[in-house]
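**Student:** A structural model of the following input is requested.
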Amino acid sequence: MLALQGPRGRTVSHVLPVLARLRAWQGSDCHQNGYRSFAADGKGDKDGKGKPPSYIQRVLGSWADKNNESSIAAVKADGAEESSLVPPGQLDHKHRKVFVVELSRKPLFPGTYTPVMVLKNEKLIKEVLDAKKQGGQAYVAAFLAKTEKVLAEEQAAAGQGEQAKDSNSSTSSSNGDVDISKGADHLYEVGTFAQVHTVLAGDTEGSAQLLLLGHRRLKREAVLSTDPLRVAVSHLRDEAYVNDDITKATSMELVNTMKDLLTMNQLYSEQFRTLMSLTGSIDLNDLSRLVDAAASLTSGDDVTLQGILECLQVPTRAQRVLELLKKEVELCKLQADIREQVESKIMKEQRRMILMEQLKSIKRELGLEKDDKATLIGKFNEKWEPKKAAAPEEVQRVVQDELDKLSGLEPVSPEFNVTRTYLEWLTSLPWGLYSQEIFDIQHAQQVLDEDHYGLQDVKARILEFIAVSRLRGTAQGKILCLVGPPGVGKTSIGRSIARTLERKYYRFSVGGLYDVAEIKGHRRTYVGAMPGKMVQCLKATCSSNPLVLIDEIDKLGRGHTGDPASALLELLDPEQNTGFLDHYLDVPIDLSKVLFVCTANVLDTIPPPLLDRMEVIRLSGYTADEKVAIARRYLEPQARSDSGVPESAVQLTDKAMGTLIEEYCREAGVRNLKKHLEKIYRKSALKLVQQGAKLVMLEPAAAAAADGQQTAAAEAAEASQDQQQQQ
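**Tutor:** Model prediction:
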């Protein structure tokens, strides 16, 4: 394979004009000498319009019919005055000491050309130019540089060979030659005797481009000088071989494989045409030249190709090159399969994309569908129209401005997604939507008695609050704070108040909260910005007057991002929350209709300005008799149901219940009592299973009836569960 080669594998485009001139010169010279084998067709060289497959087929097809003619032509070519290849034996005795040109990628095979870039070696370039001026031709030795991996392996294996190397150095010095072996250790010993065909000045000082034509193999014997590198060489010849049937069959298979390779890949075909235009001819009867030309077309690694160059047994070399050609053919087939798969996938995706675009265009023309942006704006308008009349004037103006802004943005713009998210929040809030409140004292008394036992003073205070709200027509202006030890039912009382007033219920905990943005939202300039908890509450409840339970208000934190307790002042103050301003929405929101209920265990840690805005209701705890009633009425049925124990299978006596409460559960709440009851029924379930109890599947009607009987107990037990979560 002919490649424009420079240092470290860089391509050299400056040599292309030289290659074109060489092609024209050698084409005319080859026709004058009557070359007829593996040569460029005269017609194809003149007009250059022939297709590569037909050209290759004509070249390769002429081999079978003109073996004798090509042999005679090859002999004449070897004796020609200006032949591209130097005949064997003509220069062996003259060129025993030559300068070295280093090849960084792939060795140079005899009978092939390769451009080489020489950098920072002004002395070598001067010697080559002087030789061309004196004798008209300059010859060098082209050696391939070893890779780092090969050098490392040689250094590891050369530990015991240092003494032998020293003795060889002394012997060569005694013969009159200066052996500086370290100057060529990075090069392989076997290289190619090459003719410097053309020298072009490089872009930098001390650099040049050499066009080398390989003649024959040679071996480095000794290093004579290092600047420039000059070595003593011995010219190598191929070993004699018998041209038997196996050799002929191998040669024919090489030609056929090359034909397959050149027809399968346009790149190889172009490389072969370039090789033919530069070398002029390849004698198909000369198996050595044929193998070297085939090896130059392969893409094997440097070590493999160097091994082929060092091999002097032509049949063995032909077998190894044939294996490389077969691998190239298989790679071409695999490349063709991958190309077909990729093209098929791309064509399928392009076809689907084109059809989808056509479908969208047809739907738009028929009025069945609008584009994505128009559909999105239409959805926002549909959500906004029912709320527009009840929304404040400032909010109406902001929404309209954002809709106009969205219509002028492209969907791929980052601002488009920011504006869309902002409009989703604005149009999702319940502007002017309120729940219908019920201020019924009897209904409130019934709900409180169903959900809680005892706490008569607390229930009376809640009924008073409901009565005042009924006379005023609204529950506006009060922030209740339920204070008591854990497990007394503070959270469940807040849920009962929401059920009594028929308001939507929303709970969030502020225990450990240290970021003000959780309450007042983030600025829209931040990535992933979100509104605060109150805006999220309004969107979740779809009501402008929900009951919001702020849990654990006595455990507020304080960090470098601000003081959440100070942010709650605006939220809980009835005089200020009529125009609550969230940082994300940046429009006023009326929270005066929202009923806030806070819970706390102690009042000492609540900031005084915040505590001043609350009405405190204390829940001191339950007496022993109240605990027994709560256990029998709420906790025991729920524990029995959760453990799966039948009602008549286990009986907990009053004495046992009293002992349990007085000895083990003496805290103010009933959370610990619930845990002990669950433990008792779990152990009872284990004993029932050990005694052979089985699962009984109830009919749907019976199961529904059983669930109905336990509904009241389950609702009452939710209070204890909430308190357990707080703890």
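
**Student:** What is the burial count for the spatially closest residue to E122 that is not a sequence neighbour?
**Tutor:** With sequence-adjacent residues excluded and distances taken as CB to CB, 6 or more residues apart in numbering, E122 is closest to G206, at 4.0 Å. Heads up, the C-betas are built off the backbone N, CA and C, glycines and all. By the other CB atoms under 10 Å criterion, the neighbourhood of G206 contains 14 residues.

**Student:** Was I right to think G206 contacts K126?
**Tutor:** No: taking CB atoms under 8 Å as the contact criterion, G206 and K126 are not neighbours in contact, 9.8 Å apart.

**Student:** show me the contacts for Q306.
**Tutor:** Under the criterion of CB atoms under 8 Å, 6 or more residues apart in numbering, the neighbours of Q306 are 107, 144, 188, 190.

**Student:** Flag every buried residue along the one helix or strand it maps to.
**Tutor:** Element membership of Q306, judged by DSSP states H and E, is helix 302-310. For helix 302-310, the buried set under the neighbour-count rule, 16 or more other CB atoms under 10 Å, comprises 302, 305-310.

**Student:** Which one of those residues is nearest to Y664?
**Tutor:** For Y664, the nearest member of the buried residues of helix 302-310 is D302. The distance, counting by CB to CB, is 85.0 Å.

**Student:** so how far is G408 from the closest one?
**Tutor:** 61 Å (CB to CB, to the nearest Å).

**Student:** picking that back up, now the residue nearest to E122: phi and psi?
**Tutor:** With angles defined as degrees, to the nearest 10, G206 shows backbone torsions of phi 80, psi 20.

**Student:** before we move on, the earlier item: of the contacts of Q306, which belong to strands?
**Tutor:** Here DSSP state E is the test, and those give 144, 190 as lying in strands.

**Student:** Just the closest of the contacts of Q306 to A293, please.
**Tutor:** Using CB to CB, these come closest to A293 at P107, 13.7 Å.

**Student:** pLDDT below threshold where in the stretch 451-600 of the chain?
**Tutor:** Within the stretch 451-600 of the chain, the set of residues satisfying pLDDT under 70 comprises 475-477, 561.

**Student:** Strands of that one, residue ranges please.
**Tutor:** Taking DSSP state E, counting those that start in this stretch as the criterion, the stretch 451-600 of the chain carries its strands at 479-483, 505-509, 547-551, 580-581, 588-589, 595-600.

**Student:** After the host helix or strand of E343, which helix or strand is next?
**Tutor:** Assigned by DSSP H and E, E343 falls within helix 314-366. Using DSSP H and E, the helix or strand that follows helix 314-366 in sequence is helix 372-388.

**Student:** which helices and strands sit right next to that next one?
**Tutor:** Under the contact criterion of 3 or more CB pairs under 8 Å, 6 or more residues apart in numbering; DSSP states H and E, helix 372-388 touches helix 393-407, helix 414-428.

**Student:** So for the first one, what gets flagged as buried?
**Tutor:** By neighbour count with 16+ other CB under 10 Å, helix 393-407 contains the buried residues 395-396, 398-399, 402-403, 406.

**Student:** what packs against that helix?
**Tutor:** Helices and strands in packing contact with helix 393-407 are listed as helix 372-388, helix 414-428; criterion 3+ CB pairs under 8 Å, 6+ apart.

**Student:** counting contacts, what elements does the shortest one pack onto?
**Tutor:** Packed against helix 414-428, as judged by 3+ CB pairs under 8 Å, 6+ apart, are the following elements: helix 372-388, helix 393-407, helix 533-541.

**Student:** can you do 6 Å?
**Tutor:** Contacts defined by 3 or more CB pairs under 6 Å, 6 or more residues apart in numbering; DSSP states H and E place helix 414-428 against helix 372-388, helix 393-407.

**Student:** Determine how far the shortest one lies from the middle of the whole chain.
**Tutor:** Think helix 393-407. Distance of helix 393-407 from the chain centroid (CA atoms, centre = their mean, to the nearest Å) equals 38 Å.

**Student:** That one - what's its average pLDDT?
**Tutor:** Per-region confidence: helix 393-407 scores 89 on mean pLDDT.

**Student:** now, among the buried residues of helix 302-310, which is nearest to K555?
**Tutor:** Distances from the buried residues of helix 302-310 to K555 were compared by CB to CB; the smallest belongs to D302, at 72.3 Å.
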